[in-house]
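J.: Structure for the following, please:
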Amino acid sequence: MKSLNFEYLKPIKPEISALGGFAEGYVYSDPASSLVKLRQLVEVIVYDVYEKLRLSKPFQPSLNDLLNEDSFKKVTPAVILNKIHAIRIQGNKAAHGEKVDLNAALMGLQESFDLCRWLYVGM
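T.: Numbers count the residues shown, from 1 in each chain. Predicted coordinates for the structure are as follows:
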C-alpha cells in the first residue's frame, strides 16, 4: 500500500514502507489494525538496530526482552525507547482485543515516523 509518510523508505527498507502504508490506510477505519501494523514496524526497527550495531540478542528474544537488554538501552536515546515502548504497549493492547482509539493510532503513526527518521535517516 502506498504511504504518505513512509514511502521514502521503499528503496531503503520496503518492509517498513509497506507496514507504515498499511497502518496509515487503516488508521481511521480500523485503529486497532493500524496499531498492530505499527507494532510490527517497531519490531523490525529494533531488529535493525541490533543488526546495524551488531548487538548480541538475548537467548529467546521477545520484543520486550530486546528493548530491556543493557546493550540496546546504552545505544538508544531515552526518547526513542519511550516511543518504541508506547507503540509496543498500544499495539499489544490492539492485538489482544483491548479497546484502543483513533488518537492512539494517530500517535503511533507520528511516533513511528519519528523512529524511522531516527534510524533510517539520522543514525
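J.: going forward, measure contacts and count neighbours with C-alpha atoms only.
T.: Will do.
J.: Could I get the contacting residues of Ser33?
T.: Going by Cα atoms under 8 Å, 6 or more residues apart in numbering, Ser33 touches 23, 26-27, 94-95.
J.: Can you flag the buried ones in the residues you listed?
T.: Buried members of those, counted by 16 or more other Cα atoms under 10 Å: 23, 26-27, 94-95.
J.: Among the residues you listed, which one lies nearest to Cys116?
T.: Checking the buried ones among the contacts of Ser33 against Cys116 with Cα to Cα, the nearest one is Ala23 at 13.9 Å.
J.: list the contacts for the nearest residue in space to the closest one that is not next to it in sequence?
T.: If the residues on either side of it in the chain are set aside, Ala23 comes closest to Ser34, at 4.1 Å by Cα to Cα, 6 or more residues apart in numbering. Contact analysis of Ser34 by Cα under 8 Å, 6+ apart lists 22-27, 105.
J.: Leu19 now?
T.: 37-38, 40-41.
J.: Among these, name the ones in helices.
T.: Secondary structure from DSSP state H places 37-38, 40-41 of the contacts of Leu19 in helices.
J.: Of these, which is the most crowded?
T.: Ranked by the number of neighbours (other Cα atoms under 10 Å), the ones in helices among the contacts of Leu19 place Leu38 first, at 30 neighbours.
J.: does that residue really touch Ala18, like I thought?
T.: No - using Cα atoms under 8 Å, Leu38 is not in contact with Ala18; the gap is 10.6 Å.
J.: how much space between the residue of the chain most remote from its centre and Glu69?
T.: Taking Cα atoms, centre = their mean, the residue of the chain most remote from its mean C-alpha position is Phe59, at 21.8 Å. According to Cα to Cα, to the nearest Å, Phe59 stands 11 Å off from Glu69.
J.: Ala104 and Asn82, how far apart?
T.: With Cα to Cα as the criterion, Ala104 and Asn82 are 14 Å apart.
J.: wait, Ser56
T.: Between Ser56 and Asn82 the computed distance is 21 Å (Cα to Cα).
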